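Visitor: what's the 3D shape of this:
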Amino acid sequence: RRDDDDDDGDDGDDDVQLEDFVRWHSPRDFVDGALSERMRGDATAWRELWRTTPPARVVDQRPLFNVDAEANKALHYLETLSPFELLCQLCTCAAATVPDALV
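Guide: The predicted structure follows:
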């Protein structure tokens, strides 16, 4: 359960409901102001996870994405890319833009 990272010192927002999360995370499962059929009921996996996971502010959570590690991987890839592979990728990108240019 994520909570906003405001600096008021709260451990979480007790007013946040599963419906709020579903409306943000999976809008197709929030239809006409209510949860979809697959999200309704007390026995769903989503509801059980919501019930058992303690709320935590975003700043207190472990990051899901390590920016430094991913940047290093990207730089390493570019450093070891052969000229032929670079040309192939550039041609693929150029070919993908052709339909947009023709419109």
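Visitor: for this structure, just list every one of the strands.
Guide: For the chain, strands defined by DSSP state E occupy the ranges 2-3, 30-31, 34-35, 56-57.
Visitor: how about TSV for those, with mean neighbour count, distance to Asn66 and mean pLDDT added?
Guide: C-beta here means a position set from N, CA and C on the backbone, and glycine is covered the same way. Conversion of the strands of the chain to TSV gives the following (neighbours: other CB atoms under 10 Å; distance: least, CB to CB, whole Å; pLDDT from 0 to 100):
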stretch	mean neighbour count	distance to Asn66	mean pLDDT
strand 2-3	17	18	50
strand 30-31	14	31	91
strand 34-35	15	33	92
strand 56-57	16	19	87
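Visitor: let me have those strands in a markdown table, extended by distance to Gly41.
Guide: Putting the strands of the chain into a markdown table (distance: least, CB to CB, whole Å) gives the following:
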| stretch | distance to Gly41 |
| --- | --- |
| strand 2-3 | 23 |
| strand 30-31 | 15 |
| strand 34-35 | 9 |
| strand 56-57 | 26 |
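Visitor: so for Val98, which of the ones you listed sits nearest?
Guide: Shortest distance between Val98 and those, using CB to CB, is found for strand 30-31: 38.3 Å.
Visitor: this structure: helices as residue ranges?
Guide: Using DSSP state H, the helices found in the chain span residues 18-25, 45-52, 67-80, 83-102.
Visitor: please identify the most buried of those.
Guide: Mean neighbour counts were compared across the helices of the chain using mean count of other CB atoms under 10 Å; the top stretch is helix 18-25, at a mean of 14.
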